[in-house]
Each structure stands twice: as C-alpha cells, then as structure tokens.
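Trainee: Got a sequence here, can you model it:
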Amino acid sequence: MLLFSKTLPRHLRFLASLMPILSSLVVPATSARAQGDELRPATITVNVFNERHRINPFVYGGNFPKDGAFLRQTGTRLSRWGGNIATTHNWKQHIRNTGADWFFENFDDEDTIQWVKRVQNGGSAAIIGIPMVDWTPKAAGLRSYSVQKYGKQQKVDPQHPDAGNGVLLDGTQIRTNDPNDAYVPLRDRPSPGDPPGTIYRSEWIEKLKVAFGSHPHLYEFDNEPEIWDGTHRDIHPQKVSYAEMRDKYLQMAGLIKSIDPRAKIAGPTVSGWWFYWNSAAGGGDKATHGGIDYLPWWLGAIAAADRRSGQRTLDIFDIHAYGDYDTTGMSAAEGDGRLIRSPRGMWDPTFPSEGGIGKKNDATATQPNMNVPAIIPRFRAMVNALYPGTQFAITEWSYWNDNGVVASLAEADSYGIFGRERVDMATRFTSPQPNTLCSLALEMYKGFAPLSVQATTSVSVDQLTSYAALSEDGQHLTVMVINKDPRHAVTARLKTVGFQPTRMIAYERAGEAKATMASSPVVPLDSYTFKPYSQTLLILRGRTAAGAIDWSVSPDSLMMVTGTEATLRVKIGGSKSGIDIVEIKAADGVSMKAIRTRITPGSPGAIRVVAGDKPGFYHFTVTAKTFAGQRETQSGWIVVGVHGSLPAK
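Mentor: Alright, predicted model coming up:
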C-alpha cells in the first residue's frame, strides 16, 4: 500500500496491520443509496490553520485495563488505579475491602507496584489513588459487620453468611462497629506508639517513585470522598466537610511532594453534579463558607495554601462526569436518542441536560446556566480563574454497555470531544472488555493524529459529528466521522482548507459489527457516504500548505464575575515569524478588544475582556493573519457568574 511505510509515525503504522481488506468503506455518492434508507447531503470542512492545538494522549485512558495486550491493541495511554477500592486498598498486604459495594469484606487484591510496571510495559502511563481514610484492611476473609458480633442484618453475602451489610433488621445502620475488626491503622509515616501492624503511606510512595521510573509519576487523591460516609461508613461514618477535604488533600499532597519531587497530583476526585457544588456535610457547611459552592471554594483554598507555602500541591484538577440522561418511560428509540446526545453535555453550553441536571435547580444558586452541564468549558474556565496552570482531568466517565451500539458511538464521540476541547486526562470507568464495540471505539483513535485542527459539519451534531487532526510532519490528515442516525446513511462532501490530499484510506465499523472494515488506498473522492450508526476514520495523505504559525490565547477559557475585567495573553509558539490580530468576535454579554495586535515570539499580545451584567457562557473567536498573509483562528469561552460564584482571592 502506498499510504504506509516504515518511516510513518506509530499512530499511522498500526493501521497497516489491522487486518486484510474486508470491504470498501467509502463509495461515490452515486452508488451510496444502498447504504441507508435515504441520503442527507452534508459538508465536512477541515481547516488545518484553525484551532490548532496538541491533543494530550492521556485522554485515551481507562481504569483497570485487562492486560498489556489490551493496552497495545487499543492504544490506551493512561491507566488508572481508582474507584471505591482505592480508599480501602492495603498496598503492602495486597488486600482490599469492598465497602458497601459488597458487604464490607476483605479480599485479596493485586500488587499495585507490579500493576504499575505491567501497564507501563504495555505502553501506558499509570495513575494511582492514594487512600486518605486512616484505616486499611488487615487480612483477607475478615468483614466489618459480622452477624455473630453485631446481630442479624437485612442482607448477608450468600457465600459468607457472617458478612452483613451493616443494616439491622429494623433498618438501623450500625454506626458503632469497631474498625479493628477488619482493619489496621494507616498513617503517613512511622512514629513512636503506632499500633502493631500499622501500614504507612510514605513507604508505599517510596516504592511507587521507583516503579514509575522514567514514566510520569501520577498520583490521585483517594476517590469520591464525599460518599465515604456511605460507601465506607465502617471506617468513616462522618460526612465529609469543606474543611476536611481541604486538609486531607494538603496532608496527602505534602507527603507525596516531600518524597517524590517528580510527582504530579490530581484531586479532589469528586463524583458528580450535586457534589461539585455541595459537601456531604450539607447546606450548613456551605453557609459557614460564605455560601460559596464547594468546588470553587476548595480550588481557591488549595491555591491560597500553595501561595502561602510557595509550593504547588495541585497539578491536575480532577472530577468524575458521567452522562446525564433519563430514559424512564421512553421507548428504546427515544432512550437511544438521549444517550447518543448525552456527550453534548461535556462541551455544549446550549444543550440543556436531558436528565436530572436539567430538571432540578437545587444544586447551586450561583453558577451560570445551572441546568446545562457544559462540563469541560465550565471547569476549565473555573480552573483558569482560580489556579492558573492547573490541568483538567475527568478520571471517571462511561456509557457502560461495552457491546451497546449506541453506547459505543457515544464513547467514540467522547474521545473526539476530549481531544478537541483540550482535556488533559480522561479515563473510562472501567476500561471496556477486549474485543467489544466500546474497545473498538477507542482502538480507532489509535490512528488519530496528534495535532487537533478545526472540523465542522453542515448538519446537526445530533446527526453527524467530525473531528480532525494533523500529523507532526503535516503529511497526513485524519478525520473521525460519527454518523448517529440509526437508519440513514449520510453522504458528505469533504472539503479541506490548507491541506491537499493525494491518497486516502478509510476504516469503518457500523452497527453491531465487531470488526473494522478497510478500503483500499484511493484518490480522494468529492463525496463520501457514512453508513447508519457508524464510526469512520479517514486517513488522507498529502501536503499541508506552508505558512501556518502555532499560537494560542491564554487562557482560552476563563470564568469571570459580572462587571469585572480580565486580560488574555496571545503568544507565539515555535516560530520566528509573527501574526497580527485582525478580528475578535465575542457573543453579546462580554466585550473584547485587542490591546496589542502585532505579536512576535518576543512580544506577546493582549486582549482586554469586560464581563457584562448577565451570567452565561460566551463564545469568542480571535482571527489573526500571519506575516505571510495566512488567516488563522483560535477560540474559547468566557463564563460569567454572579458575585459569589467564585471565592475572593
């Protein structure tokens, strides 16, 4: 095949050996009618000069991937040891307590040091959750709520009938259990008087530091501490407060940084929408902290503590974000429609939630557009406002059904969103099982190039979405296209700006097929047809036009309070030439004006932003012209909240 050679980058070479050619993927528009009930014309426009930025490969991640073969096959680049067992894992004895997930029992567990080495050998980085509750399981076979000791309970483990669920027959939760029944103390460092059998975090971190070696040294704050009083009520029955979350995080991060200077730490690992804005301790806790919502308060508190200490403890702001959609009482088709639209909640401020977030107004009184998740722009803007330089991660997300056609397309859409929207890390919970539709959705991104560029479609994103990326050498353009229509094929014209394709190969999966179908290399056609319910990767070989300059608006997303002002910086990267800002378009509600319009590597530009009096999400686009005359754009979001939506610095 002309498209592939030994000199191509890894992200393209892998495709040459995927499989023998199974069938033709793309066909001229004249013969496409066999692909679906009807055709809907569309145009996909890819402009390699616009919205250029590097995709962080850690967005192609998962929790507890099966093995090294799976990592290599799918191209999983980040593996997380997390979830509820992160809170109750004994690193030294390799034991976990299952908490409320399964009768609070101790079972044998994997050696995390060996796990780190295994995933690294499979080509993935590793991130490890460090437990911060001060107990850790002491021996397999023990349980927290022995029926013999605490009395008959509503449910017991069928295999171990002495292991109860901690709820008495009258519905009363057992709150006076002795943690020593199943646990030993967990401490930061050894100190005189420690009980026999005490386990130490410091010793674990020392071993992790060695195991990480030359790979990234990634640590995470426990897991969803706001539910400790439920999931782990046997060892932490108290509801977590604002102050405890701040103090526990600073305790952990200070310990890790003192041992491993290469450490990058993620937190606070919060579970979802309600707990973004509220602590487990309730409304009184929020009132005590001036009515400021929980995550803005926490982030501001950590930033303030780091300023005082002179050491950054938070490197990655980390949340969990599952799709929010309610299918109760709906037909299967209606439910599938909501599921496949759900990824819009990650990025689109015009998309009201079709689940609980869209129905309730009680989680927050101060955040803008409270019925619209817009998770990525919302939190990237908040992070940039409160602790600039902090990365953003979503370490749990999923659409659950590994072999669900619609779920797999929603996940394919999500990977594209994470790259386009500048997420720094994303790990599906858990990694899909091998050889499933969802593992194939991820695997197809193994061939996606590293430099994101602008891709737009002329039809609704609920019907067809596209994502594009350019290879390092500019000779390969990759385009991922997802047809979300269950019945209709979509014929689309592919228009490229700044890239002249000469050859094309395509890979497709459609419907329930668990294999990728490949086309022979062909001269690119004017129109392509995408089957119903399909994911397609187009790889075009050709030449990028000269003259592109990589530049950025920093921050590209920023949260502000009504009536305030801010300054965005415009910087050149990797070029000796420069640009002139020629236009700034901002949605009504904010005003933006360039302070310095000519930008060179040694002279950055600046844009003054003034927030209006109406809270909301306001999109902006900055257009610049290179000194060679090429027009390029960068865009972003200004998120405006009322007074009290952000803590005072």
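
Trainee: quick one: the strands in the stretch 51-200 of the chain?
Mentor: Using DSSP state E, counting those that start in this stretch, the strands of the stretch 51-200 of the chain run over 53-54, 61-63, 78-81, 89-90, 95-97, 106-108, 125-130, 135-137, 156-157, 160-164, 183-187, 199-200.

Trainee: which one of the ones you listed lies closest to Glu411?
Mentor: Taking C-beta to C-beta as the criterion, strand 61-63 is the member of the strands of the stretch 51-200 of the chain that comes nearest to Glu411, at 10.7 Å. For the C-beta atoms, the positions are set from N, CA and C on the backbone; glycine is no exception.

Trainee: what's next to that closest one, contact-wise?
Mentor: Outside of strand 61-63, the residues within contact range by C-beta atoms under 8 Å, 6 or more residues apart in numbering are 76-83, 124, 395-396, 425-432, 442.

Trainee: how about a cut-off of 10 Å?
Mentor: Outside of strand 61-63, the residues that reach it under the criterion C-beta atoms under 10 Å, 6 or more residues apart in numbering are 70-71, 74, 76-83, 86, 119, 124-125, 127, 129, 393-398, 415, 418, 425-432, 438-439, 442.

Trainee: Mind putting the strands of the stretch 51-200 of the chain into TSV with mean neighbour count?
Mentor: Written out in TSV, the entries for the strands of the stretch 51-200 of the chain read as follows (neighbours: other C-beta atoms under 10 Å):
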stretch	mean neighbour count
strand 53-54	16
strand 61-63	25
strand 78-81	27
strand 89-90	25
strand 95-97	25
strand 106-108	17
strand 125-130	25
strand 135-137	27
strand 156-157	17
strand 160-164	18
strand 183-187	20
strand 199-200	20
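
Trainee: measure Arg175 to Tyr145 for me?
Mentor: 11 Å (C-beta to C-beta, to the nearest Å).

Trainee: again but with Arg420, I slipped
Mentor: In this view, Arg420 and Tyr145 are 47 Å apart by C-beta to C-beta.

Trainee: cool, and Gly389?
Mentor: Distance from Gly389 to Tyr145, by C-beta to C-beta: 45 Å.

Trainee: Those two: which has the busier surroundings?
Mentor: Taking neighbours as other C-beta atoms under 10 Å, Gly389 and Tyr145 compare with Tyr145 leading, 26 against 11.

Trainee: Am I right that that one is in contact with Asp162?
Mentor: Yes: Tyr145 lies in contact with Asp162 (C-beta atoms under 10 Å); the separation is 9.1 Å.

Trainee: between these two, what contacts are shared?
Mentor: Taking C-beta under 10 Å, 6+ apart as the contact rule, the neighbours common to Tyr145 and Asp162 are Phe103, Glu105, Val156.

Trainee: could the residues you listed go into CSV alongside distance to Ile549 and pLDDT?
Mentor: Compiled in CSV, the shared contacts of Tyr145 and Asp162 are given as follows (distance: C-beta to C-beta, whole Å; pLDDT from 0 to 100):
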residue, distance to Ile549, pLDDT
Phe103, 60, 98
Glu105, 59, 98
Val156, 67, 98
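
Trainee: Let's have the residues you listed in CSV, adding distance to Thr313.
Mentor: Conversion of these to CSV gives the following (distance: C-beta to C-beta, whole Å):
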residue, distance to Thr313
Phe103, 36
Glu105, 34
Val156, 43
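
Trainee: List just the nearest of those residues to Ala263.
Mentor: If you rank the shared contacts of Tyr145 and Asp162 by distance to Ala263 using C-beta to C-beta, Glu105 comes first, at 32.1 Å.

Trainee: wouldn't that closest one be in contact with Ala140 here?
Mentor: Yes: if you go by C-beta under 10 Å, Glu105 and Ala140 touch, sitting 8.8 Å apart.

Trainee: Between these two, point out the one with more neighbours.
Mentor: Of the pair Glu105 and Ala140, Glu105 is the one with more neighbours under other C-beta under 10 Å, namely 24 against 16.

Trainee: quick one, what contacts the more buried one?
Mentor: The neighbourhood of Glu105, defined by C-beta under 10 Å, 6+ apart, consists of 96-99, 137, 140-145, 157, 159-160, 162-164, 182.

Trainee: Identify the residue spatially nearest to Leu451, adjacent ones excluded.
Mentor: Leu470 (4.4 Å; C-beta to C-beta, 6 or more residues apart in numbering).

Trainee: What count of nearby residues applies to that neighbour?
Mentor: Residue neighbour count, defined by other C-beta under 10 Å, stands at 22 for Leu470.

Trainee: Same check on Glu565?
Mentor: 10.

Trainee: who are the neighbours in contact with it?
Mentor: By C-beta under 10 Å, 6+ apart, the contact set of Glu565 is Ser591, Arg608, Val609, Val610, Ala611.

Trainee: Is the fourth one part of a helix or strand, or is it coil?
Mentor: Of the three states, Val610 takes strand according to DSSP: H, G, I helix; E, B strand; the rest coil.

Trainee: re the thing from before, the contacts of strand 61-63 in helices, which ones?
Mentor: Assigned to helices by DSSP state H, the following of the contacts of strand 61-63 qualify: Phe70, Leu71, Thr74, Val119, Tyr415, Phe418, Cys438, Ser439, Leu442.

Trainee: And the residues you listed, which of them are buried?
Mentor: Applying a neighbour-count criterion of 16 or more other C-beta atoms under 10 Å, the buried members of the ones in helices among the contacts of strand 61-63 are Phe70, Leu71, Thr74, Val119, Tyr415, Phe418, Cys438, Ser439, Leu442.

Trainee: Pipe those residues into JSON lines and attach distance to Thr366 per row.
Mentor: Below are these laid out as JSON lines (distance: C-beta to C-beta, whole Å):
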{"residue": "Phe70", "distance to Thr366": "43"}
{"residue": "Leu71", "distance to Thr366": "42"}
{"residue": "Thr74", "distance to Thr366": "41"}
{"residue": "Val119", "distance to Thr366": "40"}
{"residue": "Tyr415", "distance to Thr366": "32"}
{"residue": "Phe418", "distance to Thr366": "27"}
{"residue": "Cys438", "distance to Thr366": "37"}
{"residue": "Ser439", "distance to Thr366": "41"}
{"residue": "Leu442", "distance to Thr366": "37"}
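
Trainee: quick one: which of the residues you listed is nearest Tyr618?
Mentor: Phe418 (22.5 Å).
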